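Visitor: structure here, sequence nowhere to be found:
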């Protein structure tokens with residue numbers, strides 16, 4: 001028993017680790033879902049009145065396009081000098097374009113290049129597909145790489161340190177800002193190898209304004225409804241990007257927005273904020289995830305062995321939730337990202353496998369116990385719950401008994417008896433289940449079988465009769481086999497069949513219960529079976545069972561009236577036997 005339990009524990013641990021840590025141990029759809037959920041919770045908790053004091057965003061939105069009567073494109077370069085003037089008047093530290101300047105625009109490129117050069121604080125982007133126009137390239141303070149590695153369609157990881165490639169736009173902006181900002185020290189937490197973006201703040205954390213409101217600023221105030229002071233842009237990195245609500249080309253449902261999409265320029269704002277504040281998300285290694293999952297599984301197995309059912313259920317529900325809340329705290333307070341998908345998958349896989357193993361063990365062991373089949377018990381309980389009381393059903397009862405069994409046992413070696421009876425019971429059960437019945441119980445050498453609830457209810461009597469005929473044929477085959485092997489064989493059996501209404505009940509106590517039936521037809525089948533010996537018949541059925549066979553001419557024609565007999569407790573009854 002101890003070895004079996006150890007083997008079960010080992011199997012559960014291996015299954016949990018295999019499916020959890022090794023299959024779902026790195027970035028995958030489930031892990032992305034859980035990290036997004038954590039970001040959403042953390043950013044929701046971080047809603048505050050104060051906004052970022054380092055970064056602001058200017059949106060080239062539909063309202064600006066309408067006001068300027070100019071769809072976004074290269075011709076917008078005519079609008080940029082005025083924007084640069086307003087931003088520098090406001091004291092912006094850096095101006096960063098989340099856009100590329102690839103196409104030639106001869107009319108506007110030279111004056112724009114001059115405006116960029118005068119400003120001296122403009123950074124733009126490239127993605128490696130084509131170079132920036134030569135006339136503009138030299139006028140920028142720097143050019144940065146716009147590419148952010150998406151996972152699950154969302155920008156998450158900034159790759160840096162790639163030989164021959166431009167530095168990421170966010171890293172470049174953060175480093176330049178650190179050099180220029182009055183109160184800024186060296187940029188903390190930056191990494192040349194790349195980093196996971198921290199989405200721990202809501203999108204409203206970055207002050208955001210429409211392009212046209214900035215260019216229409218007068219009297220030191222923006223042209224928005226709130227007449228925001230231009231000083232809101234002082235000493236900040238100002239990102240400029242497209243906010244096209246009519247297209248999904250550069251909009252994302254960021255990890256912290258839970259289904260709402262925002263302009264892609266915010267990805268660079270979040271990435272730059274991550275570097276400036278030294279808060280890159282630190283992804284746990286696969287070994288750490290595996291270790292955490294292993295500890296989690298050990299605790300889970302301990303809980304599964306608890307005997308107090310209500311306490312066990314409460315702790316099982318609480319355990320994964322507690323781990324998830326701990327992971328939320330780790331992300332919020334320490335920027336740590338341990339994988340939750342391995343824990344989640346391990347939890348459910350172990351619970352399912354544990355249930356399956358218990359179920360298999362229960363069905364295997366209890367289905368062999370007298371009068372108990374766990375699957376039938378489940379069906380009975382469901383029907384009982386629907387009925388709201390005792391379950392009454394019409395069934396056919398078949399009882400089979402070995403003739404002269406006591407004398408056979410007394411004259412035969414116990415080993416041979418065991419082998420013959422095992423083969424006999426297996427063969428009879430096969431005949432019964434093959435016709436849609438099941439064995440309710442064994443009483444010594446006697447078999448009590450039921451045709452009907454909880455299995456198929458149709459043609460119960462016909463199926464019972466055919467099963468009885470098949471049992472006789474199978475016994476003849478077994479007798480030949482036993483004699484060929486030199487085993488003392490069972491020669492004859494008697495079978496009685498009756499039909500009627502029975503009540504299905506669950507009987508037993510705290511440590512053992514069984515599925516049983518109560519009804520007059522059970523006694524009837526038993527009494528009829530006893531008459532097979534006196535009347536020298538192998539199969540007898542009641543008049544009620546015979547009447548139920550009338551829909552099958554081939555079967556009903558195989559039976560004949562034997563006689564009327566007095567059945568104890570039931571009075572006079574007609575019984576029919578299989579024709580000789």
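Guide: Ah, there it is. On a predicted model such as this, the values are computed, not experimentally measured, just so you know. Numbers count the residues shown, from 1 in each chain.

Visitor: helix or strand with the lowest mean pLDDT in the chain?
Guide: Here the helix or strand of the chain ranked lowest by mean pLDDT, DSSP states H and E is helix 374-387, holding a mean of 67.

Visitor: after that helix, which helix or strand is next?
Guide: Going down the chain from helix 374-387, the next helix or strand is strand 391-402, by DSSP states H and E.

Visitor: buried ones in the helix or strand following that next one, by neighbour count?
Guide: Per DSSP H and E, the first helix or strand lying C-terminal to strand 391-402 is helix 405-411. Using 16 or more other Cβ atoms under 10 Å as the test for burial, helix 405-411 gives 405, 408. C-beta: built from backbone N, CA, C; applies to glycine.

Visitor: how far away from the center of its chain is whichever helix or strand comes after helix 405-411?
Guide: Where DSSP H and E defines the elements, the next helix or strand beyond helix 405-411 is helix 414-434. Distance of helix 414-434 from the chain centroid (Cα atoms, centre = their mean, to the nearest Å) equals 44 Å.

Visitor: now the angle between strand 391-402 and helix 414-434, please.
Guide: 140 degrees (axes from the mean of the first three to the mean of the last three Cα atoms, to 10 degrees).

Visitor: residues contacting helix 414-434, please?
Guide: 398, 400, 402, 408-409, 412, 438-439, 442, 445, 447, 449, 467, 470-471, 474-475, 477-478, 481-482, 487-490 (Cβ atoms under 8 Å, 6 or more residues apart in numbering).

Visitor: correct me if wrong: residue 294 contacts residue 17.
Guide: Yes: if you go by Cβ atoms under 8 Å, residue 294 and residue 17 touch, sitting 6.4 Å apart.

Visitor: on that earlier part again, which ones among the contacts of helix 414-434 map onto strands?
Guide: 398, 400, 402, 438, 439, 442, 447, 449 (DSSP state E).

Visitor: what stretches of the stretch 351-500 of the chain score poorly on pLDDT?
Guide: Where the stretch 351-500 of the chain drops to pLDDT under 70, the residues are 361-380, 383-384, 387-389.

Visitor: neighbour count: residue 294 and residue 17, which is higher?
Guide: residue 17 (20 against 17; other Cβ atoms under 10 Å).

Visitor: pLDDT at the more buried one, what is it?
Guide: Per-residue pLDDT puts residue 17 at 84.

Visitor: residues in contact with it?
Guide: By Cβ under 8 Å, 6+ apart, residue 17 lies in contact with 290, 293, 294, 297, 346.

Visitor: nearest spatial neighbour of the first one, skipping sequence neighbours?
Guide: Taking Cβ to Cβ, 6 or more residues apart in numbering, and ignoring the residues beside it in sequence, residue 290 has residue 21 as its nearest neighbour in space, at 4.1 Å.

Visitor: report pLDDT for the one you found.
Guide: pLDDT at residue 21 comes out at 83.

Visitor: SS state for it?
Guide: helix (DSSP: H, G, I helix; E, B strand; the rest coil).

Visitor: that one: how many residues sit nearby?
Guide: Applying other Cβ under 10 Å, we find 26 residues neighbouring residue 21.

Visitor: with the one 4 residues further on instead?
Guide: Counted with other Cβ under 10 Å, residues neighbouring residue 25 total 22.

Visitor: ditto for residue 8
Guide: 16.

Visitor: on that earlier part again, ok, the ones in strands among the contacts of helix 414-434 vs residue 234, which is closest?
Guide: residue 438 (84.4 Å; Cβ to Cβ).

Visitor: residue 460 versus the closest one, what's the distance?
Guide: 12 Å (Cβ to Cβ, to the nearest Å).

Visitor: neighbour count for those two, which is higher?
Guide: A direct count of neighbours by other Cβ under 10 Å for residue 438 and residue 460 places residue 460 higher, at 27 against 18.

Visitor: rewinding a little: check contacts around the residue nearest to residue 290.
Guide: Contacts of residue 21 (Cβ under 8 Å, 6+ apart): 286, 289, 290, 293, 294, 342, 346.

Visitor: name the SS class of the residue lying closest to the first one once chain neighbours are set aside, please.
Guide: Spatial nearest neighbour of residue 286, excluding adjacent residues (Cβ to Cβ, 6+ apart): residue 25 at 5.1 Å. Residue 25 falls in the coil class when you classify it by three-state DSSP.

Visitor: residue 103 looks like it's in a strand, true?
Guide: No: the assignment for residue 103 is coil, going by three-state DSSP, so no strand is present there.
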